[in-house]
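Chemist: Build me a structure from this.
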Amino acid sequence: MTSHDNTGHNSGTGTTGEAGRPPLFYGWYVVAAAFAVTFVGFGAAYSFSAFVEALQQEFSASRGAVSLVFSLAGFLYFGLGVVTGPLADRFGSKPMAVIGMVLVATGLVLAGFAQSLTQVYLAYGLGVGLGVGCSYVPSVGTVQRWFARRRGFASGLAVSGIGFGTLIMPLLAALLIGTLGWRNAYISLGALSAVLGISMALLIVNDPRSRGLGPDGGPPLPPTSSGASEGIELKKAIRSRPFLTLYFAGLIASFGLFVPFVHLVPFATDQGMTAGEGAFLLGMVGVGSTIGRFLLGNVADIIGRRTALVLAFAGMAATLVIWAVSTSLLPLAIFGLTFGTFYGGFVALMPALVMDYFGGRHVSSIIGVLYTSVALGTLIGPTAAGYAYDLTQDYTLAILGSIVVNLVAAIAVATLRKPESAAA
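Modeler: Prediction:
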């Protein structure tokens with residue numbers, strides 16, 4: 001048996017081979033796979049900002065019409081979690097992640113051959129949207145099964161692929177557009193996504209018990225000891241005040257959350273900066289996002305997750321003020337870094353609050369339904385910001401609207417009782 005598991009998976013606890021270095025617990029390979037999947041998927045999604053001006057010029061389209069490409073993709077990848085989570089439970093996470101990476105790569109390549117904006121909608125919007133939707137929840141969800149004691153760290157490491165993807169992929173896209181043109185840039189990104197995403201997705205293993213292991217490399221747990229018996233069922237949860245409040249907050253805030261991801265690069269070039277500098281600004285959002293997932297997560301352990309989520313919404317509103325009054329690289333870089341930090345906190349805290357309020361038995365299903373709020377906001381917000389720009393030739397209206405919706409979300413969450421009080 002040990003010869004079959006040639007990477008030493010049965011020794012994942014590190015209790016054997018003290019004389020030498022114990023084999024690496026296979027759960028960390030699963031974390032690396034989830035990191036790569038989120039890096040490729042969200043990196044491809046958030047690199048779209050670098051393509052906005054090229055698509056406008058190629059198809060003589062308004063900024064609002066071009067923005068709809070991203071909004072369609074965002075709507076799909078946030079909305080599909082409610083479907084792909086249960087599918088992964090039935091068929092396994094590896095097939096879902098591999099299919100997702102194939103769709104992302106195919107969508108990017110086909111976008112490079114598009115002859116109309118409608119074809120870009122179909123190729124990029126559907127390809128990247130469906131691809132991220134298929135792969136994100138299953139791959140990150142699998143990480144939770146491989147860890148208990150170090151679950152928070154492992155999960156944070158896995159989703160930090162989103163931040164690194166937001167940092168690196170827009171910069172790479174801008175470089176490729178400048179040297180190869182937007183069509184070959186899309187094809188190149190598609191090839192990269194295929195090689196990196198598919199090969200890493202193949203490392204995903206659905207459950208540590210299939211390797212003769214338990215969480216963190218310990219002995220395998222019996223099927224009845226997962227602790228999943230505690231929690232509120234889905235139908236009851238979605239009718240509760242905490243869920244409805246979180247749903248409203250996610251919906252209203254998402255009208256503004258993703259405006260920078262689409263419009264920060266074209267805003268920068270409107271101010272006379274290069275496309276590379278614009279991509280750098282978006283990369284700062286990615287750096288901040290990675291920091292925020294760990295920083296606000298740790299702060300939440302001290303001040304409470306509900307309070308920390310209020311801080312995240314209010315912080316995004318405050319940093320958007322910096323964007324509203326800035327026209328040069330340094331203050332916009334400060335905006336990107338600070339906005340990304342609070343955004344990363346929001347991403348990390350929403351699922352954790354679901355666990356706090358409703359328990360673990362149906363947590364994936366509840367999170368999947370909750371994320372449909374973000375899907376709806378993403379569908380409307382960036383596109384509306386683009387049309388507001390077309391109307392005024394300025395982003396002030398879109399930025400002010402984003403500030404208001406984040407403040408409304410902060411106030412809504414602040415009205416909730418603490419999770420332990422709500423549970424009582």
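
Chemist: pLDDT value on residue 15, please?
Modeler: According to the prediction, residue 15 has pLDDT 39.

Chemist: Which is the succeeding secondary structure element to the helix or strand harbouring residue 70?
Modeler: Residue 70 is part of helix 63-79, with elements assigned from DSSP states H and E. Once the chain leaves helix 63-79, the next helix or strand it forms, by DSSP H and E, is helix 81-91.

Chemist: Determine the set of other helices and strands touching that next one.
Modeler: Judged by 3 or more C-beta pairs under 8 Å, 6 or more residues apart in numbering; DSSP states H and E, helix 81-91 is in contact with helix 93-112, helix 127-146, helix 363-392. Using the backbone N, CA and C atoms, a C-beta is placed for each residue, glycine as well.

Chemist: same thing but at 6 Å, please
Modeler: helix 127-146, helix 363-392 (3 or more C-beta pairs under 6 Å, 6 or more residues apart in numbering; DSSP states H and E).

Chemist: Most tightly packed of those?
Modeler: Most buried of the helices and strands packed on helix 81-91 by mean neighbour count (mean count of other C-beta atoms under 10 Å) is helix 127-146; its value is a mean of 27.

Chemist: hmm, who's touching the helix holding residue 70?
Modeler: 45, 48, 52, 55-56, 120-121, 124-125, 128-130, 132-133, 262, 371-372, 374-375, 378-379, 382-383, 386-387, 389-390 (C-beta atoms under 6 Å, 6 or more residues apart in numbering).

Chemist: now stretch 189-197
Modeler: With contacts defined as C-beta under 6 Å, 6+ apart, stretch 189-197 is touched by 36, 40, 44, 101, 104-105, 108-109.

Chemist: Can you get me a residue count around residue 418?
Modeler: Residue 418 has 14 neighbours, counted by other C-beta atoms under 10 Å.

Chemist: Excluding chain neighbours, what is closest to it?
Modeler: With sequence-adjacent residues excluded and distances taken as C-beta to C-beta, 6 or more residues apart in numbering, residue 418 is closest to residue 306, at 6.0 Å.

Chemist: That neighbour in helix, strand or coil?
Modeler: helix (DSSP: H, G, I helix; E, B strand; the rest coil).

Chemist: residue closest to the middle of this structure?
Modeler: residue 162 (5.5 Å; C-alpha atoms, centre = their mean).

Chemist: May I ask which helix or strand encompasses that one?
Modeler: If you go by DSSP H and E, residue 162 is part of helix 151-180.

Chemist: Extract the residue ranges of the stretch 51-200 of the chain that are flagged as low pLDDT.
Modeler: 89, 152 (pLDDT under 70).

Chemist: same thing but 80
Modeler: Scanning the stretch 51-200 of the chain with the threshold set as pLDDT under 80 gives 81, 84-90, 137, 141, 144-145, 148-153, 155-156.

Chemist: now do the stretch 301-424 of the chain
Modeler: Using pLDDT under 80, the stretch 301-424 of the chain drops low at 301, 348, 351-352, 355, 359-365, 367-368, 419-424.

Chemist: domain ranges for this protein?
Modeler: Domain assignment for the chain by automatic domain parsing gives 21-217, 229-424.

Chemist: Please identify the deepest-packed of those.
Modeler: domain 21-217 (a mean of 22).

Chemist: how far out from the middle of the chain is that one?
Modeler: When distances are taken as C-alpha atoms, centre = their mean, to the nearest Å, domain 21-217 is centred 9 Å away from the chain's centroid.

Chemist: returning to that earlier point: got the helices and strands packed on helix 81-91 as TSV, with distance to residue 209 columns?
Modeler: As requested, these are exported to TSV (distance: least, C-beta to C-beta, whole Å):
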stretch	distance to residue 209
helix 127-146	9
helix 363-392	18
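
Chemist: Any idea which of those gets closest to residue 348?
Modeler: helix 127-146 (11.5 Å; C-beta to C-beta).
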